[in-house]
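>>> Need coordinates for the following:
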Amino acid sequence: MASLFAGTHFFFYLFLFRTLFVTSLSSDGEALLSLLSVVEPSAKASSSVLSSWNPKSPTPCLWQGITCSPQDRVVSLSLPDIFLNLSSLPPQLSSLSSLQLLNLSSTNVSGTIPSSFGKLVQLRLLDLSSNSLTGSIPQELGQLSSLQFLFLNSNRLTGGIPPQLGNLTSLQVLCLQDNLLNGSIPSQMGSLVSLQQFRIGGNPYLTGGIPSQLGLLTNLTTFGAAATGLSGVIPPTFGNLVNLQTLSLYDTEVSGSIPPELGLCSELRNLYLHMSKLNGTIPPQLGNLQKVTSLLLWGNALTGSVPAELSNCSSLVVLDASDNDLSGEIPGDIGKLGVLEQLYLSDNSLTGLIPWELSNCSSLTTLQLDKNELSGSIPWQIGNLKQLQSFFLWGNSVSGTIPSSFGNCTELYAIDLSRNKLTGSIPEEIFSLKKLSKLLLLGNSLSGELPRSVSNCQSLVRLRLGENRFSGQIPKEIGQLQNLVFLDLYMNHFSGILPSEIANITVLELLDVHNNYINGEIPSQIGELVNLEQLDLSGNSFTGEIPSSFGNFIYLNKLILNNNLLTGSIPKSVRNLEKLTLFDLSFNHLSGEIPSEIGYLTSLTIGLDLSSNMFTGEIPESMSGLRQLQSLDMSHNMLHGTIKVLGSLTSLVSLNISFNNFSGPVPVTPFFRTLPSNSYLPNPNLCESIDGSTCSSSLIQKTRLRSAKTVALITVIIASVTIAVIASWFLVTRNHRYMLEKSAGASSSSPGAEDFSYPWTFIPFQKLGFTIDNILDCLRDENVIGKGCSGVVYRAEMPNGELIAVKKLWKTKQDEEPAVDSFAAEIQILGHIRHRNIVKLLGYCSNKSVKLLLYNYIPNGNLLQLLRGRSAVGSQVGDGLHIVEWVKKKMGSFKPAASILDVKLQGLPDQLVQEMLQTLGIAMFCVNSSPAERPTMKEVVALLMEVKTQPEEWGKTSQPLMKQSSNQS
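Next comes the predicted model:
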């Protein structure tokens, strides 16, 4: 019995021991549990994967995302695309000594890559891509001798590429693209003899040249280094990459010529060299690339001709050599490219005829030859291109007629033949194209009538026929084009009435028929075009009254009716035009009083022109609400009363109230002080005033006295000059040495050669605690903090301790000097702008030769931090590239929104992104290196108001603003 009892105890303890031993989690499991400690609690609770990680399990081999060896060692940890929200990568993972695969891509990991990962010597794949990792790439990763695949792309990694990665001789794929890496490509990368894919694109701070040692990577199939700051030449050693299929070097600083050795890369499919700084000619050796499908060379400075040898690239689908300096003729041999779908040769200096052989490219869908110097006629054989979808030829010197064979191109949706020398009429066959949405024929010498068959082209969205010689009546059938958005018929010879059927085009946004011979009344039905944004009927012979139905134009921003024969009064319904920015009724026969409703058009910014009519009465008090209006012309009417209300229009840049019967004092404002007299004369009863309420002198009397005063003044000046010359001779002779020494001593501290003498005009836009003398005392060389193409900026400390920035504008040439009136008027606008991203203008000072702008002083760097933008000049934008040039370059790249706009804006509707980029384009006009080429404030406002309306034609560029990405980083 005792022995039986003892045996029972033995088996009980054995069972208990085994139970305790088996239920104890393995060391690999403990290492994996370190992940849970850095997972956000909400992610842990919501993840079905992590809920399977039971700490009571004997091994982690049954946990989701885990794979074990037969010995229960963890060999794979794979949790891609699971929102773990890890605050860091736990270094404990480095104890998984048998781990061969580690994949935590797209799991929202932050923190740095642990250097201890270099201990995972069995690792074959490491994928930490698409996370928020920061810091540098640990050089210890160079110890992973078994590593075949390394994906660290799409993070925020900084620092250089460790040369130690060159030790990974088993590495087949190295993806480091879309980070913030800097430095250069280590030459040691040439030791990665097994490497097949090397991607480092999207690292804008990666600089230096491309090492010639990369030519040793004979197994390489993909080299992607686009959107980087890499410079120098493409190494000729790349000709050794006999397995290379994709070479992506677009949007870089790479220069020099295209090495002819690339013609030896017989496996090459995609050659992306666009938007760089390449020069020289296109090597004919590229014609040896039998397998190349995409050849993108646009946006460089390539010269010479298009090599006929490219016709040997029998697999070529896309050829884009636009936006270069190519010359010569288009080789007819291009017609041998039977599978070519897209041919872009626009924006070059190509000459000669359009080769008819292009019609042999039976797969061609896009043919863009715009902005060249092509001549001759359009080959009728183009009509054989059955797959053709878009044909752009604008901006050449092509003559002859439009081939009727275009009617055979049944897939055509866009034709732009604008700005050529075409004659004849529009072939009716064109209007049989069922998919045609854009027909642009602007600026030719086309004639004849617009055929009634235009109604057959129901797909038309834009019909732009302006600046031609079309005649006859506008066919009423045009009203059947239910999809038409733009209708441009301006500057032709159309006559007769404007058909009321146009009102049936309910989606119409732009109607422009200005400068024709159209007569009759404006159809009241036009008011049914409720989506209209621009209406221009000027320069015709319209009669009758302005239809009250125009009040339905709630989206209208431009209403231009000048130079007609309109009568009657302005309808009160104009009050509904809440988006109107430009309203021009000049040179008509309108009468009656100006309705008070005009004062409620607070969106009027560009201009209000009521001149050369027969308006009577007084200026309505409500017009004081037009505080954004920049240009107002009420001249040549019969208006009377005071002009006091005009003193409230604080944004005015231009004003003309001449040839009326106004009376009373002129408003006392900075704008009116600088207004030339021809802006308000003759108005016999207007007068100058000191207080704005009572007259101090008559403007007419003052004008009459000017001649007498001038004569007296000249007499005094002549006498004074005579005395001064004699006195000067004596003084200069006696004090010559003294004056030289004084000039030498003053040159170091003088702010310039300008005349700083009184009288000075000092216009503050708020209460300031300093004087003009305090400002002038600070204009010394030691206070200069910057210079630009418009002036020099000084740091000025006022006696009260306040710091301001003073910008002294460069003085222009005498024959180019702008009027003080224009300067002061523009400054008035700037002085009333208040925006958190615009430096506040405190005021301005000027005398007869010097103009000073006073700004809030912002210490170095703070403005950039406020704008959250890039440094204007710095290595991070590539060899000290100025921010303006950087943006200009990015605007032409494949996806400018991705590289310029905030990443938070990705995913917004394309229309919004396009509007942002249009606005950025306007900004680029404003920072033109030549001040004379910059738009005025008035023009800027006009441009901004057009942002919501698409420009003349998105297609008028060889590459759309948002080009589809090739995804070859």
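>>> Next, count neighbours for the residue lying closest to E528 once chain neighbours are set aside.
Using Cβ to Cβ, 6 or more residues apart in numbering and skipping the chain neighbours, the partner closest in space to E528 is A503 (4.5 Å). C-beta: built from backbone N, CA, C; applies to glycine. Using other Cβ atoms under 10 Å, A503 has 17 other residues around it.
>>> so where's the stretch 301-450 of the chain shaky on pLDDT?
For the stretch 301-450 of the chain, not a single residue meets the criterion pLDDT under 70.
>>> where exactly do the strands run in it?
318-320, 327-329, 342-344, 349-351, 366-368, 390-392, 399-400, 414-416, 421-422, 438-440, 447-449 (DSSP state E, counting those that start in this stretch).
>>> Could you list every helix and strand in contact with the last one?
This points to strand 447-449. strand 469-473 (3 or more Cβ pairs under 8 Å, 6 or more residues apart in numbering; DSSP states H and E).
>>> Now the strand it packs on: buried residues?
F470, S471 (16 or more other Cβ atoms under 10 Å).
>>> cool, stretch 662-672 as well?
So for stretch 662-672, counting by 16+ other Cβ under 10 Å, buried means F662, G664, P665, V666, P667, T669, P670, F671, F672.
>>> per-residue confidence averaged over it?
Mean pLDDT, stretch 662-672: 89.
>>> can you list contacts of that stretch?
Contacts of stretch 662-672 from elsewhere in the structure, counted by Cβ atoms under 8 Å, 6 or more residues apart in numbering, are 639-644, 646-647, 650, 652, 655, 680, 683, 685-696, 699, 763, 824-825, 828.
>>> among the helices and strands of this structure, which has the poorest mean pLDDT?
Here the helix or strand of the chain ranked lowest by mean pLDDT, DSSP states H and E is helix 736-747, holding a mean of 34.
>>> what's the next helix or strand after that helix packed up against?
Next helix or strand after helix 736-747 toward the C-terminus (DSSP states H and E): strand 761-764. Here strand 761-764 touches helix 820-831, strand 841-846, going by 3+ Cβ pairs under 8 Å, 6+ apart.
>>> Where among these is average confidence lowest?
For those, where the average pLDDT is lowest is helix 820-831, sitting at a mean of 51.
>>> show me where pLDDT drops low in the stretch 651-800 of the chain?
697-755, 765-767, 787-790.
>>> which residues of it fall in strands?
Taking DSSP E, counting those that start in this stretch as the criterion, the stretch 651-800 of the chain carries its strands at 654-656, 661-665, 685-688, 697-698, 761-764, 784-787, 791-797.
>>> now stretch 328-335: how far from the chain's centre is it?
Centroid separation between stretch 328-335 and its chain, computed with Cα atoms, centre = their mean, to the nearest Å, is 34 Å.
>>> Okay, buried residues for it please.
Quick answer for stretch 328-335 (16+ other Cβ under 10 Å): I330, P331, G332, D333, I334, G335.
>>> List the contacts of the fourth one.
Shown here is D333, whose contacts under the criterion Cβ under 8 Å, 6+ apart are A308, L310, S311, E357.
>>> Wait, the last one touches G332, no?
The one in question is E357. Yes: the criterion here is Cβ atoms under 8 Å, and E357 meets it with G332 at 4.0 Å.
>>> Mind checking which of the contacts of stretch 662-672 are buried?
639, 642-644, 646-647, 650, 652, 655, 680, 683, 686-687, 689, 695, 699, 763, 824-825, 828.
>>> how about the helices in this structure?
With helices called from DSSP state H, the chain shows them at 2-23, 27-36, 41-46, 670-673, 699-734, 736-747, 772-776, 820-831, 862-867, 883-891, 896-900, 910-926, 937-945.
>>> What separation is there between V666 and G625?
Relative to G625, V666 is positioned 21 Å away (criterion: Cβ to Cβ, to the nearest Å).
>>> just V887 next, same as before
V887 is 37 Å from G625, where distance means Cβ to Cβ.
>>> and those two? which has more neighbours close in?
Higher neighbour count among V887 and G625: V887, with 21 against 18, using other Cβ under 10 Å.
>>> ok, the more buried one touching M924?
Yes: using Cβ under 8 Å, V887 is in contact with M924, at 6.6 Å.
>>> Relative to V645, how far out is the closest residue to S622 other than its chain neighbours?
Nearest non-adjacent residue to S622, counting by Cβ to Cβ, 6+ apart: G599, 2.6 Å away. Distance check for G599 against V645: by Cβ to Cβ, it reads 9 Å.
>>> Between those two, which contacts overlap?
P620, E621, M623, S624.
>>> Select from those the one having the most neighbours.
Neighbours here mean other Cβ under 10 Å. Within these, the largest count is held by M623, at 22 neighbours.
>>> if I pick that residue, what's in contact with it?
Taking Cβ under 8 Å, 6+ apart, we find M623 in contact with I594, I598, G599, V645, L646, L649.
>>> Out of those residues, the closest to Q122 would be?
Set against Q122, the nearest of the contacts of M623 by Cβ to Cβ is L649 (78.1 Å).
>>> tell me the pLDDT at that closest one?
In this model, L649 is scored at 92, pLDDT.
>>> What of G878?
48.
>>> which residues touch S129?
Residues counted as contacts of S129 (Cβ under 8 Å, 6+ apart) are S105, S106, F151, L152, N153, S154, N155, C175.
>>> what's the distance between the third one and L901?
Put plainly, it is F151. According to Cβ to Cβ, F151 stands 26 Å off from L901.
>>> one step back: in JSON lines, list the strands of the stretch 651-800 of the chain along with distance to P163.
Output for these, formatted as JSON lines (distance: least, Cβ to Cβ, whole Å):
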{"stretch": "strand 654-656", "distance to P163": "64"}
{"stretch": "strand 661-665", "distance to P163": "80"}
{"stretch": "strand 685-688", "distance to P163": "79"}
{"stretch": "strand 697-698", "distance to P163": "83"}
{"stretch": "strand 761-764", "distance to P163": "60"}
{"stretch": "strand 784-787", "distance to P163": "40"}
{"stretch": "strand 791-797", "distance to P163": "44"}
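>>> So for G232, which of those sits nearest?
Of all those, strand 784-787 sits nearest to G232, with 31.6 Å by Cβ to Cβ.
>>> Convert the C-alpha atoms of the closest one to CSV, please.
Below are the C-alpha coordinates for strand 784-787, written out as CSV (Å, rounded to 0.1, in the frame of the first residue of the first chain):
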residue,chain,number,x,y,z
VAL,A,784,20.8,96.4,-44.2
ILE,A,785,19.1,93.0,-43.7
GLY,A,786,18.3,92.1,-47.3
LYS,A,787,18.2,93.2,-50.9
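>>> neighbouring contacts of it?
V792, V793, Y794, R795, A805, N860.
>>> what's the closest of the residues you listed to L608?
The shortest approach to L608 among the contacts of strand 784-787 belongs to A805, at 35.5 Å (Cβ to Cβ).
>>> Touching, V318 and Q342? I think so.
Yes: between V318 and Q342 there is a contact at 4.5 Å, judged by Cβ under 8 Å.
>>> From the structure, what's the count of residues near G159?
Per other Cβ under 10 Å, the neighbour tally for G159 reads 15.
>>> for it, what are its contacts?
Taking Cβ under 8 Å, 6+ apart, we find G159 in contact with G135, S136, I137, L181, N182, G183.
>>> Just the buried residues from those residues, in ChimeraX please.
ChimeraX command restricting the contacts of G159 to the buried ones, with burial defined by 16+ other Cβ under 10 Å:
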select :136,137,181,182
